[in-house]
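Asker: Got a predicted model here, sequence first, then my questions.
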Amino acid sequence: MKVKEFRDLSLSELTAKVDGMQEELFNLRFQARMGQLANPLRMRIVRKDIARAQTIKTEKQKNERVAAARKA
């Protein structure tokens, strides 16, 4: 996914997306160990997508805390 697509998601949607990608990565690793992985590059792509999504998730959480602190 593109960064813009991740930024358009809400915090709960990002969490669900990260969970899904981690499950996909687990399955890819399992396939790789069994010698059934058709596209080994997919593991790298999923790993980087997880990192992007987690970074944006952290940014959103930080922005929410800052906004809440300003209101208080």
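Answerer: Looks like it arrived, so ask away. These numbers were taken from a predicted model, which means no experiment stands behind them.
Asker: Quick check: buried residues in the strand or helix carrying Glu24?
Answerer: Glu24 belongs to helix 11-34 when assigned by DSSP states H and E. For helix 11-34, the neighbour count (16 or more other Cβ atoms under 10 Å) marks Leu14, Lys17, Val18, Met21, Leu25, Leu28, Gln31 as buried. C-betas here are computed from N, CA, C, even on glycine.
Asker: And for stretch 32-51?
Answerer: Within stretch 32-51, the residues scored as buried using 16+ other Cβ under 10 Å are Leu37, Met43, Val46, Asp49, Ile50.
Asker: quick one, what contacts the fourth one?
Answerer: If you count contacts by Cβ atoms under 8 Å, 6 or more residues apart in numbering, Asp49 has them with Met1, Met21.
Asker: if I look at it, how far off is Phe6?
Answerer: Per Cβ to Cβ, to the nearest Å, Asp49 is found 8 Å from Phe6.
Asker: residues near Arg70, how many?
Answerer: A total of 7 residues lie near Arg70 under the criterion other Cβ atoms under 10 Å.
Asker: any idea which helix or strand carries it?
Answerer: Assigned by DSSP H and E, Arg70 falls in helix 41-71.
Asker: and if you look at Phe6?
Answerer: Per DSSP H and E: helix 3-7 holds Phe6.
Asker: Can you list the helices and strands that that helix packs against?
Answerer: For helix 3-7, the elements it packs on are helix 41-71, judged by 3 or more Cβ pairs under 8 Å, 6 or more residues apart in numbering; DSSP states H and E.
Asker: tell me how far the ends of stretch 27-47 are from each other?
Answerer: End-to-end span of stretch 27-47 (Cα to Cα, to the nearest Å): 12 Å.
Asker: what about that stretch, distance to the chain center?
Answerer: 17 Å (Cα atoms, centre = their mean, to the nearest Å).
Asker: got it, and stretch 55-72?
Answerer: In terms of Cα atoms, centre = their mean, the centre of stretch 55-72 is found 18 Å from the chain centre.
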